[in-house]
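> A predicted structure for the sequence below; I have some questions about it.
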Amino acid sequence: RNSCERRGGSDDADAGRVVFGAVKFHASGREDMDVRMAAVVGGAGAGRPFVLEIVDAHHIPNDEEIAEAVQQINGGVDTPAWQDGFYGAHESGVGVSHLELTAASSFANLQAETEDKVKHYGCLCWSAEEQTQASLDAVLRRDAPTPIVQATPVRVMHRRAACDRQRAVLRMEPKSLGGHWFRLAISTGAGTYVKEFVHGDLGRTVPSVGAMLGCRTEILQLDCEGIDFGTTAVGDTGTLAEVEEDQKRKKVRGSFPS
């Protein structure tokens, strides 16, 4: 939210209001808007790190104010950031595990770690042919990386360069739900188009789950169940002195659902 402090007289409703200035939100990667962020891999508190940059900050929050902000974001003092394994206890559908002051170097580290992360997904799938647990295990269960080639997906061709991308699906674990339905837990490297890996994207992803099963396969729900990052830390917690050194750019970091 962009705003400026108004220092009017006593009749001014906004007099004395603390205004933080321009706010920039930097997240470690992103998901499609219909993908839920779960707190499964890594346990409660797993999520997507972010850095919140506040330009021309008028006030540096203390620990109590940061804790209060977390409570407000999560919908109340006694309400956790996650319910039933997912973030979004707040009516807005957003939750955070924590916030803390951090040094400006956190933003650089946040971007540097992007290519090192491993993402864990849960996929609710439907196949044109009925599947059993045995048939799914025979084809889809994989404990070793499966290399795939993904041409630029049809749904993003208007904003992505046309090229073939070499990716790897690191693990697959199917679970039959009966008949045509099954869940697929997979782990991938950064940049993998998971939806296209399931349905094949008109043959533009090779191989795909549909190709492996030999029939049309669709994905109905996609959940990001956790993210493992490389050895690069998101950033060291900044001391008050470090933060005060840079009066024009203030950053707060934490983790949130995509």
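Nice, thanks for sending it over.

> Which stretches in the stretch 51-200 of the chain count as helices?
63-73, 105-112, 133-140, 194-199 (DSSP state H, counting those that start in this stretch).

> Read off the pLDDT value for the closest residue to Phe50 other than its chain neighbours.
In this structure, Phe50 finds its nearest non-sequential neighbour in Ala27, 4.5 Å apart by CB to CB, 6 or more residues apart in numbering. Just so you know, the C-beta spots here come from the backbone N, C-alpha and C atoms, and that holds for glycine as well. pLDDT recorded at Ala27 is 80.

> hang on, Ala27 packs against Arg48?
Yes. Under the criterion of CB atoms under 8 Å, Ala27 makes contact with Arg48 at 6.0 Å.

> who's more crowded, the two?
The residue with more neighbours, out of Ala27 and Arg48, is Arg48; 21 against 15, by other CB atoms under 10 Å.

> that older thread, confidence-wise, which of the helices of the stretch 51-200 of the chain is weakest overall?
helix 105-112 (a mean of 72).

> Can you name every helix or strand that that one contacts?
For helix 105-112, the elements it packs on are strand 23-27, strand 48-55, strand 249-256, judged by 3 or more CB pairs under 8 Å, 6 or more residues apart in numbering; DSSP states H and E.

> where's the residue nearest to Phe50 relative to Phe107, distance?
As judged by CB to CB, to the nearest Å, Ala27 and Phe107 stand 11 Å apart.

> and the helices and strands packed on helix 105-112, which one's lowest on average pLDDT?
Mean pLDDT values for the helices and strands packed on helix 105-112 show the minimum at strand 249-256, a mean of 45.

> and Asn109, how many neighbours?
Neighbour number of Asn109 under other CB under 10 Å is 20.

> And Leu222, by the same measure?
Leu222: 18 neighbours (other CB under 10 Å).
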